[in-house]
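J.: need coordinates for the below:
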Amino acid sequence: MPALLLGSISTVADTSELQRAAFNDAFAAHGLDWRWERDDYRALLAGNGGADRVASYARDRGETVDAAAVHATKSELFQQALGRGGLTARPGVLDAVRATKEAGDPVALVTTTSPENVVALVAGVEGLELADFDLVVDSSVVEQSKPDPAPYEHALRTLGVDAADAVAVEDNVGGVASATAAGVRVLAFPNANTAGHDFGGAPVVERLDPAALQA
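T.: Prediction:
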């Protein structure tokens with residue numbers, strides 16, 4: 001088995017709609033008359049970075065906002081939602097993690113979200129523990145965000161794995177670009193709001209079948 005590099009928290013459990021709801025609640029908390037409907041959010045997910053999305057949206061509207069503060073509120077609300085539990089791992093994820101570890105190969109979560117989001121996610125997903133990951137790369141570990149290859153390059157160095165001996169699983173365009181730039185084979189595993197995006201030729205899967213990791 002190759003090393004399994006799960007590329008975002010929504011490759012583990014589909015939290016996309018929870019994230020959108022948290023953004024909208026954060027907008028209300030900051031007195032903004034914004035609301036991101038699903039079509040809006042799907043378009044925004046073509047880029048990476050929540051605070052950057054807020055700042056870009058404000059610029060497009062000719063408004064000035066404290067994007068970092070809005071995003072901080074969003075993160076707090078999102079973590080509260082994750083803390084309520086009831087999250088289900090996406091199809092095949094637990095089997096893929098188990099198969100990789102049984103083969104003696106490492107499993108990593110390679111994301112640029114906050115460590116607090118990672119902890120809240122894992123606590124909310126039945127059948128998953130932080131100990132299942134040999135490495136977690138988050139925003140406290142690398143300065144550069146995806147689509148920069150830095151998160152994957154750091155993971156490969158730390159695990160001592162060659163890019164040819166790893167497979168990344170990503171749910172968004174920027175993540176696919178990041179893994180590809182690091183020389184890692186990548187499977188696109190779209191979430192509810194990135195389905196239909198152009199993943200640049202990366203194979204698209206609806207279930208994380210352990211056999212597909214070895215292809």
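J.: buried stuff in the longest helix along the chain?
T.: Longest helix in the chain, counting residues (DSSP state H): helix 67-83. Neighbour counts over helix 67-83 (16 or more other C-beta atoms under 10 Å) mark 67, 70-71, 73-75, 77-79, 81-82 as buried. (C-beta placed from N, C-alpha, C; glycine too.)
J.: repeat that for stretch 136-152.
T.: Buried residues in stretch 136-152, defined by neighbour count with 16+ other C-beta under 10 Å: 136-139, 141-142, 145-152.
J.: between those, which is nearest Ala181?
T.: Ranked by distance to Ala181 (C-beta to C-beta), the buried residues of stretch 136-152 are led by Pro149 at 3.8 Å.
J.: got the end-to-end distance for stretch 174-194?
T.: Using C-alpha to C-alpha, to the nearest Å, the end-to-end distance of stretch 174-194 comes to 11 Å.
J.: run the chain-centre distance for it.
T.: 10 Å (C-alpha atoms, centre = their mean, to the nearest Å).
J.: buried set for that stretch?
T.: Those buried within stretch 174-194 under the rule 16+ other C-beta under 10 Å are 174-180, 182, 184-191, 193-194.
J.: coming back round to it: and the longest helix of the chain, what does it pack onto?
T.: Helices and strands touching helix 67-83, by 3 or more C-beta pairs under 8 Å, 6 or more residues apart in numbering; DSSP states H and E, are helix 16-29, helix 50-60, helix 115-124.
J.: contact partners of the shortest one?
T.: For helix 115-124, the surrounding residues in contact (C-beta atoms under 8 Å, 6 or more residues apart in numbering) are 9, 12-13, 15, 75, 78-79, 82-87, 109, 111, 128-130, 136, 138-140.
J.: residues of that helix that come out buried?
T.: Here helix 115-124 shows 116-122, 124 as buried, counting by 16+ other C-beta under 10 Å.
J.: what's the following helix or strand after that helix?
T.: Sequence order places strand 135-137 as the next helix or strand after helix 115-124, per DSSP states H and E.
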